[in-house]
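Trainee: Output the structure for:
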Amino acid sequence: MANVLAAAIERKRLEDERAHHTQELATRVLQAQEEERKRIARELHDDTAQSLSMLLTNLDLLEPSIEAGDATLFAGFRRVASLARRTLDAVRSISHDLRPTILDDAGLEAALEWVAAEYERESHGAAFVDTRVADDIELTAEIEVALFRIAQEALTNSGKHAGATTVWIRLRFEERIAVLTIEDNGRGFDPTSVPRPTRDGRLGMYGMRERATLFGGTLTVTTSPGKGTVVRATLPLPAPQTTGELQPVFTVERGQQ
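Mentor: Numbers count the residues shown, from 1 in each chain. A predicted model of the protein is given here:
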């Protein structure tokens, strides 16, 4: 009996250890992806976008002399300049989507305001942000990125598929648990009809859920045809760092045998 119990305990220990290592590896992969996104976004902004800006400046300088010449040549010049401007806009958009600098510079609340403004700019409808963060709440960079990416993906899905006119983004904290809710008034869908993950659209639900799970959290999607969609993510926050006197790991009560 003792051998069976010992074997069961050892098996449980190995399973827990394996699960911990798997989660640790997945977290490292996620962090590496974010660092790579940041690097590519920085290179696009500092190199490619700057080069395109210089190109446009030179084109602007050339425009008066070309305009005074052959009309056909000038028409071709204008097409080239227009293409360069569209390319610059696209590069800047990709750079921001990869890693908005506002997330690193101003934090999560400002980044949520930015992603809501982007949603509106793309003519999907109105987006409202309501964040309530207490002064004693300190978010790690990893938690901020996770919450931002979930909100970003939920808004992308809403914009592509929901046909919503209004989206609400709410961030609350309940006993050291971050609660992020993204709700829209769109057409909704049947959750049972969503196939396994691919690279397209609404299937980002799986990516959002995996991201929340990596941090010990949960993600639920409440929806039905014609009823809109609510995405709710909960992520536990790390325990705050304690300072001051060391606390005993255990206590001994005297007088007890």
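Trainee: who's in contact with the most centrally placed residue in the chain?
Mentor: Residue closest to the average C-alpha location in the chain (Cα atoms, centre = their mean): Arg149, at 0.9 Å. Neighbour list for Arg149: 208, 211 [criterion: Cβ atoms under 8 Å, 6 or more residues apart in numbering]. Just so you know, the C-beta spots here come from the backbone N, C-alpha and C atoms, and that holds for glycine as well.
Trainee: Next secondary structure after the strand or helix carrying it?
Mentor: Per DSSP states H and E, Arg149 falls inside helix 141-157. Using DSSP H and E, the helix or strand that follows helix 141-157 in sequence is strand 166-173.
Trainee: Can you spell out which helices and strands pack onto that next one?
Mentor: helix 108-121, strand 126-131, helix 141-157, strand 177-184 (3 or more Cβ pairs under 8 Å, 6 or more residues apart in numbering; DSSP states H and E).
Trainee: Select, out of the ones you listed, the one closest to Arg79.
Mentor: Each of the helices and strands packed on strand 166-173 was scored for nearness to Arg79 using Cβ to Cβ, and the closest is helix 108-121 (25.6 Å).
Trainee: Output the below-cut-off pLDDT ranges for the stretch 1-150 of the chain.
Mentor: Counting by pLDDT under 70, the stretch 1-150 of the chain has low-confidence residues at 1, 19-27, 30.
Trainee: what's the host helix or strand of Ala41 packed up against?
Mentor: Assessed by DSSP H and E, Ala41 sits inside helix 2-43. Contacts defined by 3+ Cβ pairs under 8 Å, 6+ apart place helix 2-43 against helix 71-98, helix 141-157, helix 204-214.
Trainee: next one: it to chain centre, how far?
Mentor: Between the centre of helix 2-43 and the centre of its chain there are 21 Å (Cα atoms, centre = their mean, to the nearest Å).
Trainee: Can you name the next helix or strand after that helix?
Mentor: Next along from helix 2-43, by DSSP H and E: helix 49-67.
Trainee: Could you list the buried residues of that next one?
Mentor: Across helix 49-67, burial judged by 16 or more other Cβ atoms under 10 Å covers 49, 52, 55, 59.
Trainee: Wait, a strand at Ala220?
Mentor: Rather than Ala, residue 220 is Thr. Yes - counting by DSSP: H, G, I helix; E, B strand; the rest coil, Thr220 is part of a strand.
Trainee: right, and it touches Ala212 too?
Mentor: No - Thr220 lies out of contact with Ala212 (Cβ atoms under 8 Å); the separation is 9.5 Å.
Trainee: Show me the contact partners of stretch 165-172.
Mentor: In contact with stretch 165-172 (Cβ under 8 Å, 6+ apart) are residues 108-109, 112, 115-116, 119, 124-133, 147, 151, 155, 158, 178-186.
Trainee: In PDB, please show the C-alpha coordinates belonging to it.
Mentor: Provided in PDB are the C-alpha atoms of stretch 165-172 (Å, rounded to 0.1, in the frame of the first residue of the first chain):
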ATOM      1  CA  THR A 165     -22.000  50.100 -34.300                       C
ATOM      2  CA  THR A 166     -20.600  50.300 -30.700                       C
ATOM      3  CA  VAL A 167     -17.900  48.500 -28.700                       C
ATOM      4  CA  TRP A 168     -17.200  48.900 -25.000                       C
ATOM      5  CA  ILE A 169     -13.800  48.100 -23.400                       C
ATOM      6  CA  ARG A 170     -13.800  47.900 -19.700                       C
ATOM      7  CA  LEU A 171     -10.900  47.100 -17.300                       C
ATOM      8  CA  ARG A 172     -11.500  46.400 -13.600                       C
END
